[in-house]
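Q: here is the input, now give the coordinates:
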Amino acid sequence: MTDKERPTILAIDPGGRRYGVAIADLETRFARPLEVIDATLQDPIARIADLIRDCKVVRVVVGRPVALSGSNGPAVAGNREFIEKLGDLGIEVVEHDERLTTVIAEQGLRAGGSKRATRERLRDAVAAQVLLQHFLDSQR
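A: Residues are numbered from 1 along each chain as shown. Take a look at the predicted model:
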């Protein structure tokens, strides 16, 4: 079975303007950043629908913006509509705690020596990777 034929899982780190996207195949269970969708340039739902079709996605994990205390953050209500639209695509959608994923992504990019422009371009996709890897690890 080639990489293109393996079932995959997609993670979305939703934001107001940018949506970080990461992917992992269900065999290796190793998450990697895929892309950042800029909502001012394209419809995030349409792009995610393309990725679901093209990448053999069987499940989508969406970051749940939980406050550090564990309570729902202010952005949880905004996520509901996004999750409902994803559900309309006929795919299983699961929420997972995204606490500190962006902080971890930023720290990793800094530690790797990435310049500011590179960090800004990649941060959301790397945050989605952190989210997805946490989800996959919690399922073991």
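Q: when you work out contacts or count neighbours from here on, use the C-alpha atoms and nothing else.
A: OK.
Q: so what are the sheet partners of whichever strand or helix holds residue 63 and their directions?
A: Per DSSP states H and E, residue 63 falls inside strand 57-64. Strand 57-64 has its sheet partners listed here by DSSP bridges as strand 8-13 (parallel), strand 92-97 (parallel).
Q: mind listing what's buried along the one helix or strand residue 102 maps to?
A: Using DSSP H and E, residue 102 sits within helix 101-111. The neighbour-count check on helix 101-111 (16 or more other CA atoms under 10 Å) flags 101, 102, 104, 105, 106, 108, 109 as buried.
Q: among the residues you listed, which pair sits farthest apart?
A: The span of those, defined through CA to CA, is set by 101 and 109 at 12.2 Å.
Q: quick one: what helix or strand has residue 113 in it?
A: Following DSSP H and E, there is no helix or strand that holds residue 113.
Q: which parts of the chain are helices?
A: Here the chain has its helices, by DSSP state H, at 44-54, 76-87, 101-111, 116-138.
Q: out of those, which is closest to residue 28?
A: Closest among those, once you apply CA to CA, is helix 116-138, at 10.3 Å.
Q: using PDB, write out every CA atom in the closest one.
A: Extracted in PDB, the C-alpha atoms of helix 116-138 (Å, rounded to 0.1, in the frame of the first residue of the first chain):
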ATOM      1  CA  ARG A 116      10.400  35.300  12.300                       C
ATOM      2  CA  ALA A 117       8.900  35.200   8.800                       C
ATOM      3  CA  THR A 118       9.200  31.400   8.600                       C
ATOM      4  CA  ARG A 119       7.700  31.000  12.100                       C
ATOM      5  CA  GLU A 120       4.700  33.200  11.200                       C
ATOM      6  CA  ARG A 121       4.200  31.200   8.000                       C
ATOM      7  CA  LEU A 122       4.500  27.700   9.600                       C
ATOM      8  CA  ARG A 123       3.200  28.300  13.200                       C
ATOM      9  CA  ASP A 124      -0.400  27.300  12.600                       C
ATOM     10  CA  ALA A 125       0.400  24.100  10.700                       C
ATOM     11  CA  VAL A 126       2.900  23.100  13.300                       C
ATOM     12  CA  ALA A 127       0.300  23.800  16.100                       C
ATOM     13  CA  ALA A 128      -2.100  21.500  14.200                       C
ATOM     14  CA  GLN A 129       0.700  18.900  14.100                       C
ATOM     15  CA  VAL A 130       1.100  19.200  17.900                       C
ATOM     16  CA  LEU A 131      -2.700  18.900  18.300                       C
ATOM     17  CA  LEU A 132      -2.800  15.800  16.100                       C
ATOM     18  CA  GLN A 133       0.200  14.100  17.800                       C
ATOM     19  CA  HIS A 134      -1.400  14.700  21.200                       C
ATOM     20  CA  PHE A 135      -4.600  13.200  19.900                       C
ATOM     21  CA  LEU A 136      -2.900  10.200  18.400                       C
ATOM     22  CA  ASP A 137      -0.900   9.600  21.600                       C
ATOM     23  CA  SER A 138      -4.000   9.800  23.700                       C
END
